[in-house]
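Q: Following is a predicted model, sequence given first.
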2 protein chains.
Amino acid sequence: MKTLQVELGDRSYPIYIGSGLLQQADLLLQHIPGQQVLVVSNETVAPIYLDQVQESLRDLQQDAVILPDGEQFKTLDTCNLIFDALLKKHFNRTVTLIALGGGVVGDITGFAAACYQRGVHFIQIPTTLLAQVDSSVGGKTGVNHPLGKNMIGAFYQPRCVIADTATLDTLDDRQLSAGIAEVIKYGLICDLDFFAWLERNIDKLLAREHDALSHAIEVSCRIKAEIVAADERESGQRALLNLGHTFGHAVETGTGYGSWLHGEAIAVGMLMAADLSARHGWLNENDLQRIRALLLRARLPVAAPEQISTREFLDLMAVDKKVLTGKLRLVLMKSMGHSVVTDQFDHKLLLDMLEQFPRQPNAVQVSA
Amino acid sequence: MKTLQVELGDRSYPIYIGSGLLQQADLLLQHIPGQQVLVVSNETVAPIYLDQVQESLRDLQQDAVILPDGEQFKTLDTCNLIFDALLKKHFNRTVTLIALGGGVVGDITGFAAACYQRGVHFIQIPTTLLAQVDSSVGGKTGVNHPLGKNMIGAFYQPRCVIADTATLDTLDDRQLSAGIAEVIKYGLICDLDFFAWLERNIDKLLAREHDALSHAIEVSCRIKAEIVAADERESGQRALLNLGHTFGHAVETGTGYGSWLHGEAIAVGMLMAADLSARHGWLNENDLQRIRALLLRARLPVAAPEQISTREFLDLMAVDKKVLTGKLRLVLMKSMGHSVVTDQFDHKLLLDMLEQFPRQPNAVQVSA
């Protein structure tokens, strides 16, 4: 087991990474300060792992809430199901909420924990690769609004994160690839060596080799933790983590939440950011092809959805949080493995890229 | 004008108290860091004061949301009206939300500010006495849930509070009395001299004499600010501010939000706390009569609603946030002007008090 400490002063917490961690009840129990626990999971994950987790908690007063599965349920209404369960059980301020599932479960549960009685304890057990490398670091919690993604939320840190790589054995292929998109992102932000390691090891990740997964999770979390520790409230450098997200959020919103997975949208978004960077001369054609090739090998989409026109992209991007006082800021690549947050780009080139970027009617395949 | 600084480190802020402050545009403008402002008000207050406030903001990009008036609308759904307005206008993270109204408007708007894009700027312009003495200090924001009051919320501090006593001229009599209930509370918590001052000046407050109101607001805010500064997250002494609230919340929940005003429920709740304190021998009969007499002179209810039985009181109190790990904690008076938070009370005396406390079918009168 590897332990990574996220340094945030009195809100610091450990991330445990390894195979079979869900069997270790003590790992979980040492981070529960009270006697009351509510486990929040979803329809897909609960049948596989809920019993195991509840067995660890058998000496505590506990209950579970099973949410519907999917980004389209990341809403205030779903959050209310958690509040209902907490209040029906008369759970008080000493309760600990445990998020058992992917990023959606983690984001909703974290937000519920931030708001219930103005803040209760929170633990993350992410069961998707995307959640393990992304949602487990940074304290971003929240829900979507019909007019924009993640528009309602809080910065709220968990007491610990337990990333059990064994849970990835049951993840479907499409979800695994979506997680790899975020892993690739960390290479593109600031670590060209890690990007090269991914080019060499992508097949091992797709084959779910635990050592390779463990390494990828650890490096991703470490990079993210360093960026977050320097800028917890996202006033500056933290925005780097949004590489691919301004375009990606537009894809998710424009197609309706749920048809594209977050990681898939981010994959295309990164390629759009790379394309725009290349048009500025910051990347060369070879760089662009390396990124495109790695995404393809990871079974990720490299074309945008046909139904989103250039005009719609611009409209959807204008609502994105990265727009500061009306000025569009983007995360672009100054060179391979070195991204920056900037509003210094050529709007004509942005329009060209949006016009010319490949579109496809069914860029992602909905899994059975 | 009086200025009271609430000391909370990097979240410190000023409270301005005086007559005619809404006319002073600069007072407001100096606390707005960006170019975007959303004013949130309600149907009752907006027709009287919204134009004045929007006139002060005329050089900024601004919009207004008018909420329905009443505690029964202090819900997540109402909060969503604010998110809708913010997103329709494409307002970003630099927006400032201004709450123009009573405690409900302040609590909802503060919570919306805490959650919108994980936190934007927030200013309070309380227009009821209750909001001026209570909601403007302490950073408690939030909404109700059908199963409990203030169960969903955040600790979130405003950038400033502008308490214009001139706005109390248009407050209806019942609302004024409800505010006085909270003022009396501060005397009972820790300031017997202030309680005595209220006994001498209650008629001036009811006649809305600005100097008397200004003094009462200043003393109340100062006492609250001192308690909050020592315990921002309510781990200990801050619970003193809940004097009367455990019983009062039961009254509000048991009658359905909206029929009793918060201050009216707190008035009865304080008298119930005093009654229970007297049964322990901590107050004498004379103390009890002084409290009862002052509440009556302030035109506040001194009987509980007939429909809430002892059994229902106990059920409703069990969900109250003051219950820590199953043990009921109450704010009781050890002597006049000296309250404590304690679980050291005789449950038999609590049952006796709930059984014997006067009930009345129409303890509050719904105003026309």
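A: Arrived safely.

Q: these two touch, right, residue A:22 and residue A:54?
A: No. Taking Cβ atoms under 8 Å as the contact criterion, residue A:22 and residue A:54 are not neighbours in contact, 11.1 Å apart. In this view, the C-beta of every residue, glycine as well, is placed from N, C-alpha and C.

Q: can you map out the strands along the stretch 101-250 of chain A?
A: Counting by DSSP state E, counting those that start in this stretch, residue ranges of the strands within the stretch 101-250 of chain A are A:121-126, A:140-145, A:148-155, A:160-164.

Q: List the contacts of the longest one.
A: Strand A:148-155 has contacts (Cβ atoms under 8 Å, 6 or more residues apart in numbering or on different chains) with A:76, A:107, A:110-111, A:114-115, A:139-145, A:232-233, A:249, A:252-253, A:257, A:319-321, B:83, B:87, B:114-119, B:154.

Q: Point out the residues in chain A that sit beside chain B.
A: Within chain A, the positions lying close to chain B (Cβ under 8 Å from any Cβ of the partner chain) are A:34-36, A:76, A:80, A:83-84, A:87-88, A:90, A:92-94, A:114-119, A:140, A:142, A:145, A:147-148, A:151-155, A:233, A:318-319, A:321, A:323-326.

Q: Would you mind checking these for buried ones?
A: When burial is judged by neighbour count using 16 or more other Cβ atoms under 10 Å in any protein chain shown, the buried members of these are A:34, A:36, A:76, A:80, A:83, A:87, A:90, A:92-94, A:114-119, A:140, A:142, A:145, A:148, A:151-155, A:319, A:321, A:323.

Q: need the contact list for residue A:189.
A: The neighbourhood of residue A:189, defined by Cβ under 8 Å, 6+ apart, consists of A:223, A:227, A:240-241, A:243, A:337, A:339.

Q: Let me know the distance separating it from chain B.
A: Taking Cβ to the nearest Cβ, to the nearest Å as the measure, residue A:189 and chain B are separated by 21 Å.

Q: Specify the local secondary structure of the closest residue in space to that residue that isn't next to it in sequence.
A: Nearest residue to residue A:189, sequence neighbours excluded (Cβ to Cβ, 6 or more residues apart in numbering or on different chains): residue A:339, at 4.8 Å. Remark: residue A:339 carries the secondary structure label strand [criterion: DSSP: H, G, I helix; E, B strand; the rest coil].

Q: can you give me phi and psi for the residue in the stretch 101-250 of chain A that chain B sits nearest to?
A: Distance from chain B to each residue of the stretch 101-250 of chain A (Cβ to the nearest Cβ) is smallest for residue A:147, at 3.8 Å. Here the main-chain torsion angles of residue A:147 (degrees, to the nearest 10) amount to phi -100, psi 0.

Q: What separation do you get for it and residue B:330?
A: The span separating residue A:147 from residue B:330 equals 44 Å under the rule Cβ to Cβ, to the nearest Å.

Q: got the contact list for the top helix by length along chain A?
A: In chain A, taking DSSP state H as the definition, the longest helix is helix A:210-230. When contacts are taken as Cβ under 8 Å, 6+ apart, the neighbours of helix A:210-230 outside the stretch itself are A:2, A:4, A:6-8, A:15, A:17-19, A:129, A:132-134, A:136-139, A:163, A:165-166, A:168, A:180, A:182-183, A:186, A:189-191, A:194, A:197-198, A:201, A:204-205, A:237-238, A:240-241.

Q: Just want the angle from it to strand A:148-155.
A: Here the directions of helix A:210-230 and strand A:148-155 differ by 70 degrees (axes from the mean of the first three to the mean of the last three Cα atoms, to 10 degrees).

Q: buried sites along helix A:210-230?
A: Buried residues in helix A:210-230, counting neighbours by 16+ other Cβ under 10 Å, are found at A:212-225, A:227-229.

Q: circling back to that earlier point, any quick PyMOL command for the buried ones out of the contacts of helix A:210-230?
A: Selecting only the buried members of the contacts of helix A:210-230 in PyMOL, with burial defined as 16+ other Cβ under 10 Å, works like this:
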select buried, chain A and resi 4+6+8+15+17+18+19+129+132+133+134+136+137+138+139+163+165+166+168+180+182+183+186+189+190+191+194+197+198+201+205+238+240+241
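
Q: Mind checking which of the contacts of helix A:210-230 are in helices?
A: Counting by DSSP H, the contacts of helix A:210-230 place A:129, A:180, A:182-183, A:186, A:189-190, A:194, A:197-198, A:201, A:204-205 in helices.

Q: okay if I get the residues you listed as TSV plus pLDDT?
A: Shown next, in TSV, are those (pLDDT from 0 to 100):
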residue	pLDDT
A:129	96
A:180	98
A:182	96
A:183	98
A:186	97
A:189	97
A:190	95
A:194	98
A:197	98
A:198	98
A:201	98
A:204	97
A:205	97
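
Q: Just send the residues you listed back as a markdown table, with distance to residue A:27 too.
A: Supplementary listing: the ones in helices among the contacts of helix A:210-230 in a markdown table, determined by distance: Cβ to Cβ, whole Å:
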| residue | distance to residue A:27 |
| --- | --- |
| A:129 | 20 |
| A:180 | 26 |
| A:182 | 24 |
| A:183 | 24 |
| A:186 | 25 |
| A:189 | 30 |
| A:190 | 30 |
| A:194 | 27 |
| A:197 | 28 |
| A:198 | 29 |
| A:201 | 27 |
| A:204 | 26 |
| A:205 | 25 |
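
Q: any idea whether residue A:313 is helix, strand or coil?
A: helix.

Q: Okay, residue A:178 and residue A:298: tell me how far apart.
A: In this structure, residue A:178 lies at 9 Å from residue A:298, with Cβ to Cβ as the measure.

Q: Got the confidence number for the closest residue to residue A:46 other than its chain neighbours?
A: Take residue A:46 and drop its neighbours on the chain: the residue closest to it by Cβ to Cβ, 6+ apart is residue A:66, 4.9 Å away. At residue A:66, the model reports a pLDDT of 98.

Q: what element comes up after the strand or helix carrying residue A:66 heading to the C-terminus?
A: With elements taken from DSSP states H and E, the one containing residue A:66 is strand A:61-67. Towards the C-terminus, the helix or strand next in line after strand A:61-67, according to DSSP H and E, is helix A:76-88.
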